[in-house]
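# Make a model of this:
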Amino acid sequence: MDAKVIIARRVAQELRDNTLANLGIGLPTLVARYIPDGISVHFQSENGIIGFGAPPPTGMEDPNLTDAGGGFISALPGAASFDSAMSFMLIRGGHLDMTVLGGLQVDACGRLANWMVPGKLVPGMGGAMDLVAGARRVVVAMQHAARGESKIVPTLTLPPTSVRPVTLIVTDLAVIEPTADGLLLKERAPGVSVATVLEATAATLIVAGDVPEMALGV
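Here you go, the predicted model:
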């Protein structure tokens, strides 16, 4: 199974019925394709919509219906659109039950860096800082390593998005929970050993007893 699909499917298992959830730019938008049966989730995007679903079939795209990254989305029955002021009021006011964000790094304290790489031109932080500060649960969806380097590190070397630790980290290798004692290895991807996860992780992980495989809802 493709790494991004593994991540999106596992993150989808964190969705809860009748909640308001934000999906960030990039990989997090894939989560909308794998909502568990019997779950009704209202997805919000900071560009001003609640009630969107997976991308429409080819040829059915509407240029007025996009997510925050410009990708095409579908509007579900009952969807609502509004301006950016209302959208960020929802985020900053603590009304989001959960946000799913991509990541460049997460450190041993659970702090996220996901908005810029020094020396590269970026348009700005966007909604990342507000989402990490405002959502009740913050789930990071990212690949475990990039260019052979672990993205789960002892200390951030990239500019932090927020000092608040995230709730959960889901990668193509593992599910990791930041705790007061450190990063707890909760699950491993199907067919991946604990030793492989530890070897691929720059930060120290806590391993407490048997580590089960991820449930991917397939």
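# what's the span of stretch 133-152, first residue to last?
Stretch 133-152 has an end-to-end distance of 20 Å (C-alpha to C-alpha, to the nearest Å).
# tell me the helices in this protein, going along the chain?
In the chain, the segments counted as helices under DSSP state H are 3-12, 84-92, 128-134, 194-199.
# What residues of the first one count as buried?
To tie it back to what came earlier, the one meant is helix 3-12. V5, I6, I7, A8, R9, R10, V11, A12 (16 or more other C-beta atoms under 10 Å). Every C-beta, even on glycine, is put in place using the N, C-alpha and C of the backbone.
# and it, average pLDDT?
The pLDDT scores in helix 3-12 average 97.
# which other helices and strands contact it?
Judged by 3 or more C-beta pairs under 8 Å, 6 or more residues apart in numbering; DSSP states H and E, helix 3-12 is in contact with strand 137-141, strand 168-170.
# how much space is there between the nearest residue to G38 once chain neighbours are set aside and F43?
Excluding its sequence neighbours, the residue lying closest to G38 (C-beta to C-beta, 6 or more residues apart in numbering) is D17, at 7.4 Å. D17 sits 14 Å away from F43, taking C-beta to C-beta, to the nearest Å as the criterion.
# What of A21?
From A21 to F43 the distance is 6 Å (C-beta to C-beta).
# Could you do K151 as well?
K151 sits 25 Å away from F43, going by C-beta to C-beta.
# can you check M86 too?
Distance from M86 to F43, counting by C-beta to C-beta: 16 Å.
# Would you confirm that G48 contacts A80?
No - contact between G48 and A80 fails when scored by C-beta atoms under 8 Å: they sit 9.1 Å apart.
# What residue in this structure is the furthest from its centre?
Residue distances from the centre of the chain (C-alpha atoms, centre = their mean) peak at G59, which lies 28.1 Å from the mean C-alpha position.
# Quick one, grab the pLDDT at it.
In this prediction, G59 carries a pLDDT score of 94.
# same thing with N47?
Reported pLDDT for N47: 88.
# And G126, by the same measure?
As predicted, G126 sits at a pLDDT of 76.
# Based on its surroundings, how many neighbours for it?
By the criterion of other C-beta atoms under 10 Å, G126 has 17 neighbours.
# for it, what are its contacts?
The contact partners of G126, taken as C-beta atoms under 8 Å, 6 or more residues apart in numbering, are I25, E46, A68, W115.
# let's go with 10 Å and repeat that
By C-beta atoms under 10 Å, 6 or more residues apart in numbering, the contact set of G126 is G24, I25, E46, N47, A68, G69, N114, W115.
# just for this protein, where's the confidence low?
By pLDDT under 70, the chain has no low-scoring segment.
# mind running it again at 90?
1, 25-26, 45-47, 53-55, 64, 67-71, 84, 116-127, 217-218 (pLDDT under 90).
# Fine, thanks again, bye for now.
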